[in-house]
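*Asks:* All I have is the shape, not the residue letters:
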């Protein structure tokens with residue numbers, strides 16, 4: 001590892017603090033009688049924080065895949081002084097990136113045992129792990145949360161498509177909980193800004209629309225994609241259960 005890694009990952013302007021109030025409020029009876037100099041600037045989570053560039057550290061670990069972790073960690077510690085807070089901070093990031101306490105189950109799947117008991121495939125933020133069987137550094141191929149949400153959404157869309165019939169005359173059939181319904185569709189209203197007024201007469205704007213309740217899905221759908229939320233351009237406004245005659249006519253059956 002390069003000897004100046006501690007400088008590479010931290011020498012970057014810190015983020016935050018753009019809207020921090022300058023100075024202290026005066027003539028405020030709510031102020032405590034005693035308060036530290038930094039305390040007033042920490043309100044609202046708008047204080048400055050480290051903006052570290054961890055890409056070089058990730059690249060270094062990636063270049064060491066397949067090597068013994070003891071040798072890799074020894075190389076890391078060669079250029080880190082325990083008396084330096086900045087350099088010692090590298091060890092903290094290493095512990096976050098590499099899981100060293102691993103248990104292998106009967107199926108050969110690694111489990112993390114360091115305070116987060118569970119399959120390593122469920123922790124995508126841990127990029128690397130050490131195989132206890134041979135002591136080698138290996139890559140965690142876990143899917144990111146964004147990929148999982150997208151796959152879940154795609155799976156639900158495919159299931160919904162398999163339980164949908166579009167018939168001539170604009171008739172839409174949907175199957176929910178094993179029962180077929182004839183539904184009425186409508187577009188999800190788009191997000192719009194409306195003008196509102198406060199009691200003092202000042203004007204502000206707030207968003208409205210962008211979502212609707214689907215009677216088949218029994219949940220709210222959104223007009224724009226959101227993480228973990230169903231997205232759809234249309235939604236079911238009304239539903240009516242099909243009769244036996246209609247099911248025979250359309251060629252569908254209830255479960």
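*Replies:* Happy to help now that I have it. The model shown is predicted, which means the values in this text are computed figures rather than measured ones.

*Asks:* For residue 2, which non-adjacent residue is spatially closest?
*Replies:* residue 8 (7.2 Å; C-beta to C-beta, 6 or more residues apart in numbering). Glycine gets a C-beta too; all of them are placed from N, C-alpha and C.

*Asks:* Now the one you found: which helix or strand?
*Replies:* Assigned by DSSP states H and E, residue 8 belongs to helix 5-10.

*Asks:* following that helix, which helix or strand shows up next?
*Replies:* Defined by DSSP H and E, the subsequent element after helix 5-10 is helix 55-63.

*Asks:* Check the offset of that following helix from the chain's centre.
*Replies:* From the chain centre to the centre of helix 55-63 is a distance of 23 Å (C-alpha atoms, centre = their mean, to the nearest Å).

*Asks:* which residues touch it?
*Replies:* For helix 55-63, the external contacting residues (C-beta atoms under 8 Å, 6 or more residues apart in numbering) are 1-2, 5, 8-9, 72, 90, 93-94, 97-98, 127-128, 137, 139.

*Asks:* for stretch 125-138, same thing?
*Replies:* With contacts defined as C-beta under 8 Å, 6+ apart, stretch 125-138 is touched by 58, 61, 64-70, 72, 96-100, 102-104, 110, 112, 120, 139-140, 142.

*Asks:* circling back: so what's the model's average confidence on the helix holding residue 8?
*Replies:* Per-residue pLDDT over helix 5-10 has a mean of 69.

*Asks:* number of nearby residues for residue 211?
*Replies:* 18 (other C-beta atoms under 10 Å).

*Asks:* Wait, it touches residue 224, no?
*Replies:* No - the criterion here is C-beta atoms under 8 Å, and residue 211 misses it with residue 224 at 9.2 Å.
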